[in-house]
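# Below is the sequence, then the predicted model.
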Amino acid sequence: MPDVFAALAEPALRSALVLSAQVAALTLLVHATLGTALAAALARRGWRGRALLDGLVTLPLVFPPVATGFLLLWLLGRHGVVGAPLREHLGLDFVFSFAGVLLASVLAGLPLVVKPVQAALESAAARLGEAARTLGKNEWQILLQVLLPATRRALAAGLALGLARSVGEVGITLMLGGNVEGRTTTVSLAIYNAVMGGEFAQAALLSALLGAVALAVFAALRRLEAL
C-alpha cells in the first residue's frame, strides 16, 4: 500500500490524474449538451446537410483513432487550413494543448451519446409527437416538454458509454495532444508510457484506478437512469 501512495504522489502521475479528471468532467458536460443538441437535429428528417452531419458524428466510430488524430492534426495544426486562422485571429491552439486533449476526448465518445439519444427521440416522436400536437403544443414545446424527458434513460446510457470511451482514449489524444508530460499526458497515455518503459506494476495500478473510476461513473449514471 505505501508503494501505491508513493507511485500516485509522483508529480507526473499526479498531473496525469488531475488532467484526466478535468477532461472527463468537461467531456461529460459537452456530451450532455452538444450531444443532445446534435441528436435532436439528426432526429428531424428532411433538411439539407443532415446526411453530412450524421456522417461527421459517426466518423470517430468507423475511422481508426490514429487516422482520426492525424486528420485533426492536419486540419487544426499551426499551419492547418482551420488551425492557422484560429491561432492567428483567436489565439486558439489545439496542438499539444489542453484544448486538443479535450477535443480528442469529446470526439471519441460523442457518437456513443448522440446515436442512442437520436434513436430514443425518433421513437418518442413516433409515439408521442402527434398526440402532443393535438393538444396545441408547438415544435419547441414538444421537444423540450415531451421528447427530451422521454429520452433521459437513453441519455444516461449514452453518457456512460461515451465517458468510458473518452477516458480510455489514446490514439486521437496521442496525435493531437502529443503526450507531453505534465501538460497533455492523460492516465491512459501514462499507462501506455509505463508499458513502453517496462513499468508494468505502475501500468497495472493506473489501469485498475482508471477501471474503478469508469465503473463508478457508470454505476452513478445507471442510478440516475433508474430515477
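Right, received. Where do you want to start? Only a predicted model underlies this, so the values are computations on that prediction, with no experimental measurement involved. Residues are numbered from 1 along each chain as shown.
# rest of the way, CA atoms for contacts and neighbours
Will do.
# and stretch 115-132, C-alpha only, in CSV?
Extracted C-alpha coordinates of stretch 115-132, given in CSV (Å, rounded to 0.1, in the frame of the first residue of the first chain):
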residue,chain,number,x,y,z
LYS,A,115,-26.9,7.7,-31.5
PRO,A,116,-28.8,6.3,-28.5
VAL,A,117,-30.4,9.7,-27.8
GLN,A,118,-31.3,10.2,-31.5
ALA,A,119,-32.9,6.7,-31.7
ALA,A,120,-34.9,7.5,-28.5
LEU,A,121,-36.0,10.8,-29.8
GLU,A,122,-37.2,9.3,-33.1
SER,A,123,-39.1,6.6,-31.2
ALA,A,124,-40.7,9.1,-28.8
ALA,A,125,-41.7,11.4,-31.7
ALA,A,126,-43.4,8.5,-33.4
ARG,A,127,-45.3,7.6,-30.2
LEU,A,128,-46.0,11.0,-28.6
GLY,A,129,-45.4,13.7,-31.2
GLU,A,130,-48.8,13.7,-32.9
ALA,A,131,-50.7,13.4,-29.6
ALA,A,132,-48.8,16.5,-28.3
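# and stretch 188-203, what's its mean pLDDT?
Mean per-residue pLDDT for stretch 188-203: 89.
# so how far does that stretch reach from one end to the other?
9 Å (CA to CA, to the nearest Å).
# neighbouring contacts of that stretch?
Stretch 188-203 has contacts (CA atoms under 8 Å, 6 or more residues apart in numbering) with 7, 13, 16, 167-170, 174, 179, 204, 206-207, 210.
# what do you get for stretch 64-82?
With CA under 8 Å, 6+ apart, stretch 64-82 has contacts from 60, 83-84, 87, 93-95, 104, 170-176.
# pLDDT of that stretch, averaged?
Rounded mean pLDDT across stretch 64-82 is 90.
# Any stretches of this structure with poor pLDDT?
1-9, 129, 135-136, 224-227 (pLDDT under 70).
# Quick one: residues contacting the spatially most central residue of the chain.
Centroid check for the chain by CA atoms, centre = their mean gives Val106 as the closest residue, at 3.0 Å. Counting by CA under 8 Å, 6+ apart, Val106 touches 27, 30-31, 166.
# and the gap between Val180 and Ala104?
15 Å.
# And those two? Which one has more around it.
Neighbours per residue (other CA atoms under 10 Å) separate Val180 from Ala104, with Ala104 holding more: 29 against 13.
# Please give the element, helix or strand, for that one.
Using DSSP states H and E, Ala104 maps to helix 98-124.
# swap in Leu215?
Short version, using DSSP H and E: Leu215 is in helix 200-226.
# try Leu13
Applying DSSP H and E, one finds Leu13 within helix 11-30.
# So which bits of that helix are buried?
In terms of neighbour count (16 or more other CA atoms under 10 Å), helix 11-30 has its buried residues at 12-17, 19-21, 23-24, 27-28.
# Would you mind giving these as CSV with distance to Val114 added?
Formatted as CSV, these follow (distance: CA to CA, whole Å):
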residue, distance to Val114
Ala12, 34
Leu13, 32
Arg14, 32
Ser15, 31
Ala16, 28
Leu17, 27
Leu19, 25
Ser20, 22
Ala21, 22
Val23, 19
Ala24, 17
Thr27, 13
Leu28, 13
